[in-house]
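Here is my input, please return the structure:
(one chain, ligands or ions: 2)
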Amino acid sequence: MDYGLILSSLLIAGCAELTRVDRPASFHGAASAGVLDDGYEDYAGVIHIHTTYSHDAMGTFEEAVRVANAQRLDYLVITEHNTLQPLRDGKQGWHGATLVLIGMEISTRGGHYLALNVTEEIDRFKLTTQQIIDEVNRQGGVGFIAHPYFKKGRWKDWTVTRFTGIEGYNVAHDTLDENKLRLALWTISAPAEPFYLSILDRPYDPLAKWDELIRRHGRIVGIGASDAHEFHLFGLTFAPYTIMFQLSRTHLLIQGPLTPEKAYDALRAGHAYFSIELLAEAKGFSLTADNGKRVLGIMGDEVLLEPDLRLTAWLPAPAQLSLFKDGQLIATTTNQAWHVPITEPGAYRLEAARHDKPWIFSNPIYVRPAPPPPPSTPPDNSGLAQPDASPETTQPPNTSEQPGAGADAAMQPPK
Ligand SMILES: [Zn+2]
Ligand SMILES: [Zn+2]
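Ligands and ions are numbered 1, 2, ... in the order given. Coordinates of the predicted model:
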């Protein structure tokens, strides 16, 4: 048993009674703020959960489902260590109003890898990390690098390719990497809420790595992970699902009703954002690319640069907003709605904080260069080579003629 895990969980258990979740805010103001309807539903769930199927967790599958039902979660993704036994036991499917999906967490040589939508177990001893990633893909699955900077299970192989994404936030990483003495002092001296807020950190290293991977691979999906390992000691419950399921959620954006196929499609496409919902629920957050008349794309989508292109964010409540382009902070504001003109290609993602604590992390919208304009003269049919007219030599349009980002009064320079 991990002593650090016990200590952190003691703290978490001690705070359970005082935790509260605000009611989601009203969304009536969205239309008047110029926010267009993107046609997607927001399904909130928790990814990366361990139960008694794993050697290091004591919470039962039934307990996890009971808590998910009580918290009105739309879905759960159970990922036991190196086994799909819950799938064979028929656990996947609807349990009340919660869709339970069964994946697995594979201990590869390069680190822990979440494999979702797989039906055959994978021989982690025989295969390399890249071969395991490829095998997940071959089965039609989606895969995520787990807790990349967790001290006891750091991801080591950054040469891999073809993985779906990475955990941008992992609760276990956040809590267990705290200074143990500080945690112990907090246990005996501090009230619950300041304690919780004190251990919530913006996950700098995973986010920086995510940005780096996007630059290198073109697009990478980010998710939040609970890594819940509820366990029991001396008749008490530690790291309870009730708390762990509020500390990290991933929201999937889906058109129509939730199904397993649509959930995996949303994860594959990055139609998702993740959130820390200890103090306020995030459901209803949206980030779109639009031109003021219609929505051109949502989180995870690629859109072409065009005149009047802008990003529009809408939140359930006012928050401190930070916009990142290719990993660099380019604008901040404090508001519930935000329109930002976009004049350059890049991967744009948004973070929201409340009371200086992290709340919401969007997946990027990928703005790609506009295609080159068609040649102004018709092609020559004489059969002679015309290198000057070849499309390869045509330059993209000059974006400086498009509206400048400084035109939006709501936009402020970064701090
Ligand atoms: Zn792990
Ligand atoms: Zn895990």
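
Please count neighbours and contacts with C-alpha atoms only from this point.
Noted.

Distance check, Trp210 against Leu323.
In this view, Trp210 and Leu323 are 15 Å apart by Cα to Cα, to the nearest Å.

in the longest helix along the chain, what counts as buried?
With DSSP state H setting the assignment, residue counts place helix 204-217 as the longest helix in the chain. With burial defined by 16 or more other Cα atoms under 10 Å, the residues of helix 204-217 counted as buried are Pro206, Leu207, Lys209, Trp210, Asp211, Leu213, Ile214.

Give me the contacts around it.
By Cα atoms under 8 Å, 6 or more residues apart in numbering, the surrounding residues in contact with helix 204-217 are 147-149, 161, 166-169, 219-220, 222, 326-327, 347.

That helix: how far from the chain's middle?
Mean-position distance between helix 204-217 and its chain equals 13 Å (Cα atoms, centre = their mean, to the nearest Å).

Check which element follows it along the chain.
The first helix or strand that comes after helix 204-217 along the chain, using DSSP states H and E, is strand 221-225.

Can you name every helix or strand that the helix or strand following that following strand contacts?
For strand 221-225, the following helix or strand on the C-terminal side (DSSP H and E) is strand 228-229. When contacts are defined as 3 or more Cα pairs under 8 Å, 6 or more residues apart in numbering; DSSP states H and E, strand 228-229 packs onto strand 41-50, helix 241-247.

Lowest average pLDDT across those?
Comparing the helices and strands packed on strand 228-229 by mean pLDDT, the weakest confidence falls on helix 241-247, with a mean of 88.

Only the buried residues of it, if you could.
With burial defined by 16+ other Cα under 10 Å, the residues of helix 241-247 counted as buried are Tyr241, Thr242, Ile243, Met244, Phe245, Gln246, Leu247.

Quick check: mean pLDDT of the helix or strand following it?
Read in the C-terminal direction, the helix or strand following helix 241-247 is strand 249-254, with elements assigned using DSSP H and E. Taken as a whole, strand 249-254 has an average pLDDT of 98.

of the buried residues of helix 241-247, closest to Thr259?
Phe245 (20.7 Å; Cα to Cα).

Just give the closest residue to the closest one, not the sequence neighbours.
Val46 (6.3 Å; Cα to Cα, 6 or more residues apart in numbering).

how many other residues sit next to the one you found?
A total of 28 residues lie near Val46 under the criterion other Cα atoms under 10 Å.

What's opposite it in the beta bridge?
Leu76 (DSSP bridges).

Okay, now stretch 75-94: how far is its last residue from its first?
9 Å.

Check stretch 303-319 too.
The first-to-last residue distance of stretch 303-319 comes to 26 Å (Cα to Cα).

could you dump the helices and strands packed on strand 228-229 to a markdown table with distance to Gly270?
A markdown table is the format used below for those (distance: least, Cα to Cα, whole Å):
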| stretch | distance to Gly270 |
| --- | --- |
| strand 41-50 | 13 |
| helix 241-247 | 20 |
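
and of the ones you listed, who's closest to Arg268?
Evaluated over the helices and strands packed on strand 228-229, closeness to Arg268 peaks at strand 41-50, with 14.1 Å, by Cα to Cα.

can you list contacts of that closest one?
In contact with strand 41-50 (Cα under 8 Å, 6+ apart) are residues 57, 59, 73-81, 105, 114, 224-230, 245, 248-256, 258, 283-284.

how many other residues sit next to the residue nearest to Gly141 when sequence neighbours are not counted?
Excluding its sequence neighbours, the residue lying closest to Gly141 (Cα to Cα, 6+ apart) is Asn117, at 4.5 Å. Residues within reach of Asn117, counting by other Cα under 10 Å, total 21.

hey, where'd the strands end up in the stretch 251-400 of the chain?
Assigned by DSSP state E, counting those that start in this stretch, the strands in the stretch 251-400 of the chain fall at 272-275, 286-290, 295-298, 302-304, 310-325, 328-341, 346-354, 357-362, 365-368.

So which of the ones you listed has the densest surroundings on average?
Comparing the strands of the stretch 251-400 of the chain on average neighbours per residue, with mean count of other Cα atoms under 10 Å, the densest one is strand 272-275 at a mean of 29.

mind listing the helices for the stretch 51-200 of the chain?
Residue ranges of the helices in the stretch 51-200 of the chain, as given by DSSP state H, counting those that start in this stretch, are 61-70, 85-88, 129-138, 171-176, 180-189, 192-199.

ok, of those, where does mean pLDDT dip lowest?
The stretch with the lowest mean pLDDT among these is helix 180-189, at a mean of 50.

centroid residue for this structure?
For the chain, the residue whose C-alpha lies nearest the mean C-alpha position (Cα atoms, centre = their mean) is Ile223; its distance is 2.7 Å.

any idea how far that residue lies from Val171?
Using Cα to Cα, one gets 12 Å for the distance from Ile223 to Val171.

likewise Val367?
Taking Cα to Cα as the measure, Val367 falls 31 Å from Val171.

what does Lys156 give?
Relative to Val171, and taking Cα to Cα, Lys156 is found at 20 Å.

who's more crowded, those two?
Neighbour tally, Lys156 and Val171, criterion other Cα under 10 Å: the higher count belongs to Val171, 23 against 14.

Nearest spatial neighbour of that one, chain-adjacent residues omitted?
Taking Cα to Cα, 6+ apart as the measure, Val171 lies nearest to Ser226, with 5.3 Å between them; neighbours along the chain are not counted.

was I right about the one you found contacting Glu167?
No: shown here, Ser226 and Glu167 do not form a contact pair, counting by Cα atoms under 8 Å, at 9.8 Å.

Check what pLDDT the closest residue to Phe361 other than its chain neighbours gets.
Setting aside the residues directly before and after it, Phe361 is nearest to Glu351 in space (Cα to Cα, 6+ apart), at 4.6 Å. Reading off the confidence values, Glu351 has pLDDT 98.

what's the domain layout of this structure?
Each structural domain of the chain that the record assigns through automatic domain parsing is listed here as a residue range: 3-22+41-281, 285-370+402-415.

I'd like to know which of those is closest to Ser376.
The minimum distance between Ser376 and the domains of the chain falls on domain 285-370+402-415, with 16.7 Å, by Cα to Cα.

Point out where this protein drops to low pLDDT.
The chain contains residues with pLDDT under 70 at 1-28, 173-197, 234-237, 377-415.

Apply 50 and report the result again.
Flagging of the chain using pLDDT under 50 yields the residue ranges 1-26, 186-192, 382-415.

Tell me what Ile145 is bridged to.
Applying DSSP bridges to Ile145, the residues it is bridged with are Tyr113, Ile166.

about what we covered before: nearest to Pro316 among the helices and strands packed on strand 228-229 would be which one?
Once Cα to Cα is applied to the helices and strands packed on strand 228-229, the stretch that comes out nearest is strand 41-50, at 12.2 Å.
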